[in-house]
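Visitor: got a structure for you, letters missing:
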């Protein structure tokens, strides 16, 4: 199943990361636009791989494992490079930190809940968060190399703050759902010995 088209699209998002990172070290407008185009193409595959897997009934365990990892690796790598080259600076760095911390939180929750055989569906708000986040990051990749008539950096900064705000909301939703399952799992353990003692 690793060679199925949905999984190949997922793997392509991981494969493009070194190329995008390398372009940050090249000065000029064309590397910025090329990196933006590659990032945008990778973001589009995030929608297509899931859609094709469901439509062709090719959903696989490895695909479900790789898909969120590919997204987080891509976003984390690009955000760190944006900070490194100064395309994200000042207080906007906090928005990037919020986004990265939320990704770590959600990854931990998903891993824990997977052990309980519980899946947390992606909400519509989370999908909006991802769309705004990807668009903002793409604009920030171009940054100061954008056209003079368009406030590229301001649009990217505002978009990243909007994504960070939605990140907090969706992160809380995931955390609340995770805590509910954790508490439901712990409750029988606490009641177990008491119930056994009562029966005796």
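Guide: Now that the structure is in, tell me what you want to look at. Predicted model only: the values in this text are computed from it and were never measured. Residues are numbered from 1 along each chain as shown.
Visitor: low pLDDT regions in this structure?
Guide: For the chain, residues meeting the criterion pLDDT under 70 lie at 1-2, 51, 53, 61, 114-121, 185-200.
Visitor: which residue ranges of it form helices?
Guide: Ranges of helices in the chain, per DSSP state H, are 5-15, 17-23, 29-55, 61-84, 92-115, 124-142, 152-199.
Visitor: can you redo these as a markdown table with mean neighbour count?
Guide: Glycine gets a C-beta too; all of them are placed from N, C-alpha and C. Putting those into a markdown table (neighbours: other Cβ atoms under 10 Å) gives the following:
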| stretch | mean neighbour count |
| --- | --- |
| helix 5-15 | 19 |
| helix 17-23 | 16 |
| helix 29-55 | 17 |
| helix 61-84 | 18 |
| helix 92-115 | 16 |
| helix 124-142 | 20 |
| helix 152-199 | 15 |
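Visitor: and residue 34, what is it in contact with?
Guide: Residue 34 sits next to residue 23 when contact means Cβ atoms under 8 Å, 6 or more residues apart in numbering.
Visitor: how near is it to residue 40?
Guide: 11 Å (Cβ to Cβ, to the nearest Å).
Visitor: before we move on, what about residue 113?
Guide: 31 Å.
Visitor: ditto for residue 93
Guide: From residue 93 to residue 40 the distance is 23 Å (Cβ to Cβ).
Visitor: for residue 101, same thing?
Guide: In terms of Cβ to Cβ, residue 101 sits 25 Å off from residue 40.
Visitor: for residue 149, same thing?
Guide: In terms of Cβ to Cβ, residue 149 sits 21 Å off from residue 40.
Visitor: again with residue 81
Guide: 16 Å.
Visitor: repeat that for residue 69.
Guide: In terms of Cβ to Cβ, residue 69 sits 20 Å off from residue 40.
Visitor: thought residue 102 was touching residue 171?
Guide: Yes. Residue 102 is within contact range of residue 171, at 4.2 Å (criterion: Cβ atoms under 8 Å).
Visitor: please name the residues that touch residue 102.
Guide: Contact analysis of residue 102 by Cβ under 8 Å, 6+ apart lists 167, 168, 170, 171.
Visitor: just put these in CSV and tack on distance to residue 126.
Guide: Listed next are the contacts of residue 102 as CSV, based on distance: Cβ to Cβ, whole Å:
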residue, distance to residue 126
167, 9
168, 12
170, 4
171, 9
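Visitor: identify the farthest-apart pair in these.
Guide: Largest separation among the contacts of residue 102 by Cβ to Cβ: 168 and 170, giving 7.7 Å.
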